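> sequence unknown, structure follows:
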């Protein structure tokens with residue numbers, strides 16, 4: 001069994017590579033990406049309107065298109081871009097570019113994040129040299145400042161290819177120039193513990209995820225405790241008291257809860273309990289003045305802001321888990337081995353809890369990993385309804401805004417949790433069912 005789980009754990013990185021590569025490819029190939037959006041904003045139109053405006057007048061130069069291409073890392077191939085995200089290859093940590101004037105062999109490029117500039121010189125043999133300049137434009141001898149920076153040259157043919165790729169249907173502008181790109185290369189990807197920076201918020205993706213994890217863990221953890229603590233005993237009682245008034249009444253409540261999606265119930269709770277009756281806040285978690293309150297006030301604030309979302313988190317899983325426990329236990333209570341145990345004089349309680357119950361929770365053990373994933377990732381729709389700044393809402397905003405680094409970051413975390421959860425489910429099944437060996 002140990003060898004099986006070691007193999008499963010070793011397969012997790014390979015599976016993550018497959019998942020992230022697939023999504024990375026879809027992001028790059030799907031229309032309407034961040035580069036297309038910025039070009040649309042600059043040209044003031046989409047599709048044919050964009051092409052018409054570009055063709056009517058030189059509202060956008062080839063240098064601008066190339067600069068936007070470099071901004072969104074579209075100047076690299078798909079595989080190279082994915083290698084940069086993983087941290088296998090060196091990417092441009094910082095960069096700036098400028099075009100050579102017609103007939104000129106020199107161009108000055110501001111060094112990003114500093115007051116210095118770099119003079120780039122095209123030499124006769126086709127090589128490049130660079131010279132650091134101070135704030136007044138005088139030569140400065142500081143190898144420690146300029147050595148980490150490199151320069152690459154992009155030809156007019158590169159500009160033409162970039163224009164044809166992004167401005168389809170529009171004639172290539174004339175008088176294309178050579179372009180020098182000053183960049184500081186380095187590895188800064190997943191293998192280095194970095195998920196990049198958000199294009200929308202300019203914050204580190206890893207820090208954005210960690211800031212929202214506690215909220216999702218709070219709701220997911222309490223929901224999980226409530227579900228297992230209430231559903232398993234309730235399912236046992238319903239199976240033992242099958243067709244009694246208790247079973248019938250609880251079944252109506254369970255099926256009603258199962259039929260109502262959590263986000264739909266959340267909308268009703270916000271409207272009636274929040275807006276009309278004013279019993280609870282309309283959204284947010286915790287309150288705006290949470291840090292100003294004392295211990296009792298903080299506890300009340302958490303209760304007021306958390307009770308409605310918790311009901312929505314629990315309602316669907318509550319019904320599903322209760323019915324699963326009841327149906328599994330009823331099936332095993334009707335099995336031959338339970339009837340044999342009672343026929344030999346075993347008490348009914350012993351037959352239920354020592355024989356049938358353990359076999360009944362085997363299917364429930366398979367759902368444990370999925371619940372662990374939900375514990376951390378939260379619910380996108382419920383967090384959206386209640387305006388809870390958790391991991392689920394972060395995923396929603398990343399997709400809505402096409403923030404590619406943020407999408408890749410939340411995808412990696414949620415996929416890793418899902419795969420680890422699957423391994424934990426197998427482990428739970430092995431612990432519950434001694435017949436499982438995973439050889």
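Received the coordinates, thanks. As the structure is a computational prediction, the values presented were derived from the model and not from experiment.
> low-scoring stretches of the stretch 201-350 of the chain, by residue?
316 (pLDDT under 70).
> residue boundaries of the strands in it?
When assigned using DSSP state E, counting those that start in this stretch, the stretch 201-350 of the chain turns out to have no strands.
> all helices of it, in order?
Using DSSP state H, counting those that start in this stretch, the helices of the stretch 201-350 of the chain run over 205-240, 245-259, 262-269, 295-333, 336-343, 348-350.
> mind putting those into CSV with mean neighbour count and distance to residue 171?
Using the backbone N, CA and C atoms, a C-beta is placed for each residue, glycine as well. Shown next, in CSV, are these (neighbours: other CB atoms under 10 Å; distance: least, CB to CB, whole Å):
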stretch, mean neighbour count, distance to residue 171
helix 205-240, 18, 39
helix 245-259, 14, 59
helix 262-269, 18, 50
helix 295-333, 19, 56
helix 336-343, 13, 81
helix 348-350, 11, 86
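> mind checking which of the ones you listed is nearest residue 395?
Nearest to residue 395, of all the helices of the stretch 201-350 of the chain, is helix 205-240, at 9.6 Å by CB to CB.
> residue 234 reaches residue 250, doesn't it?
Yes. Counting by CB atoms under 8 Å, residue 234 touches residue 250, with 6.7 Å between them.
> shared neighbours, those two?
Common neighbours of residue 234 and residue 250 (criterion: CB atoms under 8 Å, 6 or more residues apart in numbering): residue 322.
> how close does the nearest residue to residue 323 once chain neighbours are set aside get to residue 328?
Distance criterion CB to CB, 6 or more residues apart in numbering; nearest residue to residue 323, sequence neighbours excluded, is residue 254 at 6.4 Å. Residue 254 sits 15 Å away from residue 328, going by CB to CB, to the nearest Å.
> go on, residue 350?
Residue 350 is 18 Å from residue 328, by CB to CB.
> how about residue 30?
Distance from residue 30 to residue 328, by CB to CB: 43 Å.
> ok, residue 134 - contacts?
115, 116, 140.
> which one among these gets closest to residue 77?
residue 116 (31.3 Å).
> pretty sure the closest one contacts residue 130?
No. When contacts are counted by CB under 8 Å, residue 116 is not listed as touching residue 130 (11.4 Å).
> is residue 181 in a helix, a strand, or coil?
strand (DSSP: H, G, I helix; E, B strand; the rest coil).
> just grab the bridge partners of it for me.
residue 97, residue 152 (DSSP bridges).
> that one contacts residue 99, doesn't it?
No. Using CB under 8 Å, residue 181 makes no contact with residue 99, being 10.5 Å away.
> let me see the ranges of the strands in the stretch 1-150 of the chain.
Under DSSP E, counting those that start in this stretch, the stretch 1-150 of the chain gives strands at 91-99, 106-110, 117-122, 128-133, 150-154.
> can you give the distance of the third one from its chain's centre?
Taking CA atoms, centre = their mean, to the nearest Å, one finds strand 117-122 lying 41 Å from the centre of the chain it belongs to.
> tell me the angle of it relative to strand 150-154?
50 degrees (axes from the mean of the first three to the mean of the last three CA atoms, to 10 degrees).
> direction included, what does strand 117-122 pair against?
strand 106-110 (antiparallel), strand 128-133 (antiparallel).
> and residue 426, which of the ones you listed is closest to it?
Between these, strand 106-110 lies closest to residue 426; by CB to CB that is 55.5 Å.
> for residue 407, which residues are in contact?
For residue 407, counting by CB under 8 Å, 6+ apart, the contacting residues are 23, 27, 398, 399.
> and the pLDDT at the first one?
The per-residue pLDDT reported for residue 23 equals 91.
> wait, it sits on residue 409?
No. Applying CB under 8 Å, one finds residue 23 not in contact with residue 409, separated by 11.3 Å.
> and the average pLDDT for stretch 85-104 is what?
pLDDT averaged over stretch 85-104 gives 87.
> list the buried residues of it.
For stretch 85-104, burial by neighbour count (16 or more other CB atoms under 10 Å) applies to 85-87, 89-92, 95-100.
> for residue 118, see how far away the closest residue to residue 371 other than its chain neighbours is.
Spatial nearest neighbour of residue 371, excluding adjacent residues (CB to CB, 6+ apart): residue 224 at 5.4 Å. Here residue 224 is placed at a distance of 56 Å from residue 118 (CB to CB).
> what's the answer for residue 218, then?
50 Å.
> repeat that for residue 179.
Residue 179 is 14 Å from residue 118, by CB to CB.
> do the same with residue 404
For residue 404 relative to residue 118 (CB to CB), the value is 29 Å.
> what of residue 426?
Taking CB to CB, one finds residue 426 at 56 Å from residue 118.
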